[in-house]
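Trainee: sequence plus predicted model, see below.
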Amino acid sequence: MANRIRKAVFPVAGLGTRFLPATKAVPKEMLPVVDRPLIQYAVEEALAAGIEDIIFVTGRGKSAIEDHFDHAIELEGVLSGRGKEAELAAARGPVLSAGRIAYTRQQEALGLGHAVWCAREFVGDEPFAVLLADDLVMAETPCLKQMVDVHERTGGNVVAVMDVPREHTNRYGILDVGADDGKLAEITGLVEKPDPKDAPSTLSIIGRYILLPRIFSELDRHEKGAGGEIQLTDAMARMIGGAPFDGLRFEGRRFDCGDKVGFLEANIAFALARDDLADSVRKILREYH
């Protein structure tokens, strides 16, 4: 029986330069989709998948994330005194249990692999999840929950995958695929950001991972890959052939919120999914058609 996934790592040290000047003083993970910041969607997805311990890998200027997942005593007091129950519930919503949240610093921007490696002492010797808040997934069953269900069957590594246009393979980690039933693809190789003509497939990893603890010994090498960074994809590639390693074509829609157009699309899609906003948003969209 596979070990239960109890811990999730959230790499949130990035500078968010594609969203300047908005991210000059505000972490990109705190940019709102409708009325919740990106990082809250990711944390809520993790909690819905049974995650108990949250580990943020932060950097300078990210204190707003810590504050967001803490009590705002003064704000809550004002809302309570004014009888604003709905607003009070919203303010209290993202607060995590004491002792179930940890923060560690990534002092240098050395890549996603390095960010995950920074969480090694908090994770310990057990399988864990990694979620990138830039990738927002709208799904009836949370994306990470779908992956946890696969891990419980296989006991191995699982990544969320989707097909991308071949001309975009140089933006992603790309799978070399063995057995494939249309939903779960056996991973026989991984290449980080290959040139389209060299890509072994168009099946790409998005920002959801379940990894066995062996990943830390691979990341201990601190070998630099694409872009001169320590790539998580390279470390995962060296794990292939031991435990099962699969790519899950998840059910749901992924929005690339690290991209301005993807971020705007996510705001529209999530607004249209809400009964209190859908009609007004449709009216606005018709005016700009």
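Mentor: On my side now, so go ahead.

Trainee: rest of the way, CA atoms for contacts and neighbours
Mentor: Will do.

Trainee: next, residue 162: phi, psi?
Mentor: Residue 162 adopts backbone torsions of phi -150, psi 150, taken as degrees, to the nearest 10.

Trainee: make sure residue 28 is actually in contact with residue 18.
Mentor: No. Between residue 28 and residue 18 there is no contact under Cα atoms under 8 Å: 9.2 Å.

Trainee: the more surrounded of these two?
Mentor: residue 28 (28 against 12; other Cα atoms under 10 Å).

Trainee: residues contacting the more buried one?
Mentor: With Cα atoms under 8 Å, 6 or more residues apart in numbering as the criterion, the residues that contact residue 28 are 14, 15, 16, 19.

Trainee: just the buried ones from those, in PyMOL syntax?
Mentor: Listed next is the PyMOL selection for buried residues among the contacts of residue 28, using 16 or more other Cα atoms under 10 Å:
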select buried, resi 14+15+16
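
Trainee: and of the contacts of residue 28, the nearest to residue 223?
Mentor: Distance to residue 223, by Cα to Cα, is smallest for residue 14 among the contacts of residue 28, at 19.9 Å.

Trainee: separation between the closest one and residue 111?
Mentor: Per Cα to Cα, to the nearest Å, residue 14 is found 9 Å from residue 111.

Trainee: go on, residue 198?
Mentor: For residue 198, the distance to residue 111 equals 23 Å [Cα to Cα].

Trainee: these two - which one has more neighbours?
Mentor: residue 111 (22 against 12).

Trainee: the more buried one against residue 226, yeah?
Mentor: No. Applying Cα under 8 Å, one finds residue 111 not in contact with residue 226, separated by 9.6 Å.

Trainee: tell me how this structure divides into domains.
Mentor: Annotated domains of the chain cover 7-258, 261-289 [automatic domain parsing].

Trainee: can you check the distance spanned by the last one, start to finish?
Mentor: With Cα to Cα as the measure, domain 261-289 spans 17 Å from end to end.

Trainee: could you find the closest non-adjacent residue to residue 163?
Mentor: Using Cα to Cα, 6 or more residues apart in numbering and skipping residues adjacent in sequence, the residue nearest residue 163 is residue 203, 4.4 Å away.

Trainee: I misspoke; the intended subject was residue 224.
Mentor: In space, residue 224 comes closest to residue 230 once its chain neighbours are excluded; the distance is 4.4 Å by Cα to Cα, 6+ apart.

Trainee: does that neighbour really touch residue 110, like I thought?
Mentor: Yes. Counting by Cα under 8 Å, residue 110 is a contact partner of residue 230 at 5.9 Å.

Trainee: between those two, who's got more neighbours?
Mentor: Higher neighbour count among residue 230 and residue 110: residue 230, with 23 against 16, using other Cα under 10 Å.

Trainee: please enumerate the helices of the chain.
Mentor: Assigned by DSSP state H, the chain shows helices spanning 38-48, 63-68, 73-81, 85-92, 112-117, 120-123, 143-154, 214-219, 232-237, 260-272, 278-287.

Trainee: buried sites along stretch 170-179?
Mentor: For stretch 170-179, the neighbour count (16+ other Cα under 10 Å) marks 170, 172, 173, 174, 175, 176, 177 as buried.

Trainee: nearest to residue 81, of the residues you listed?
Mentor: Nearest to residue 81 among those, with distances taken as Cα to Cα, is residue 172, at 49.5 Å.
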